[in-house]
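K.L.:
3D, please:
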Amino acid sequence: MPTASPNTIKLISGNSHPELSKLVAAKLGIPLARVGAFQYTNQETAVAIGESVRDEDVYILQTGCGEHTINDFLMELLMMINACKMASARRITAVIPHFAYARQDKKDKSRAPITAKLIANLLQIAGCHHVITLDLHASQIQGFFRAPVDNLYAEPSVLRYISENYDVKDLIIVSPDAGGAKRVASIADKLDVNFALIHKERQKANEVSKMVLVGDVTGKVCVLVDDMADTCGTLCKAADILLDNGAQKVVAIVTHGIFSGGAIAKLNGSRLDKIVCTNSLPMDHITAQCPKLHTIDISGVLAEAVRRLHNGESVSYLFNNVP
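P.N.:
Numbers count the residues shown, from 1 in each chain. Sure thing, here's the model as predicted:
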């Protein structure tokens, strides 16, 4: 009688970021599993897994992106998870580099939903056993899940990029808002440089009314660090304030480059020297429009997280190291 084959990795790619899925698969040395995901003429999503996943360790890579397609991609992810569950997959892990709706993590006004919690519930009801994500907007979102969540950090990759491209003697790390002070302080400590922050007051969402610099940036190369860049109004105004206060030049480094609305036009017309982001979201179409944009590849981090999780090894190594 033939012996049963050991449990293997099946990596499934959604339609949100196939380029990243191919990079992760190449680093793992495995092919992407065959899957069909499409929409009917009435815009209903349909998925079909093209090979057996029975008793397999399945990883589904889907990121939250697109001004008009983010909800379609979310539905596609839920359906892929459920299809694998119905096909008797042993363990299903959702690899979500950019967790959609992460900014809606609290009830900040009357009769508002906590949508990040709703997404967590939907993933678990669909059949998700584990989640791998990158730089959650609020780390507390991990507590919305009953399943384990590995929140990876882009910080080691950011530190490597800064060390390879800039002289740390001329640097100062800057947070564009008070909420990012902890993130910036951690990077500044590891580089052994000073940090500053900008206090901003908002009249309404995505609209900054007043910004005040706390710290001395005279003659320094300022590195603005944030977890995401959406409309980019904050980064552009922060660059103006830093340069007006004597900064040599300003570089922005963000984990998730959302770039919605007129963000690209703002960046092209801004005084930022460069904006750097990871490829947690598709960047190819934006890079062609914005010569200031540079990317950091995080496929190696995701691939190593998948490999370690599959083999039952510690993932905490990735919190401080680039594989």
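K.L.:
state the distance from the most centrally placed residue in the chain to Leu11.
P.N.:
Nearest to the mean C-alpha position of the chain, by Cα atoms, centre = their mean, lies His98 at 3.5 Å. In this view, His98 and Leu11 are 18 Å apart by Cβ to Cβ, to the nearest Å. C-beta here means a position set from N, CA and C on the backbone, and glycine is covered the same way.
K.L.:
now Ile296
P.N.:
Using Cβ to Cβ, Ile296 is found at 21 Å from Leu11.
K.L.:
how about Val254?
P.N.:
Taken as Cβ to Cβ, the span from Val254 to Leu11 is 26 Å.
K.L.:
if we can go back for a sec, looks to me like the residue nearest to the centre of the chain is in a strand.
P.N.:
No - with DSSP: H, G, I helix; E, B strand; the rest coil as the criterion, His98 is assigned coil and is not in a strand.
K.L.:
wait, it touches Leu136, no?
P.N.:
No - if you go by Cβ atoms under 8 Å, His98 and Leu136 don't touch, sitting 9.6 Å apart.
K.L.:
before we move on, back to that, more crowded one of Ile296 and Leu11?
P.N.:
Leu11 (22 against 18; other Cβ atoms under 10 Å).
K.L.:
any residues touching the helix or strand containing that one, and which ones?
P.N.:
According to DSSP states H and E, Leu11 maps onto strand 9-13. By Cβ atoms under 8 Å, 6 or more residues apart in numbering, the residues outside strand 9-13 that reach it are 21-22, 24-25, 28, 30, 32-33, 35, 49, 51, 53, 56-62, 80, 84, 89, 306-307, 310.
K.L.:
so how far is that strand from its chain's centroid?
P.N.:
19 Å (Cα atoms, centre = their mean, to the nearest Å).
K.L.:
flag every buried residue along that strand.
P.N.:
Residues Ile9, Lys10, Leu11, Ile12, Ser13 are the ones in strand 9-13 that count as buried (16 or more other Cβ atoms under 10 Å).
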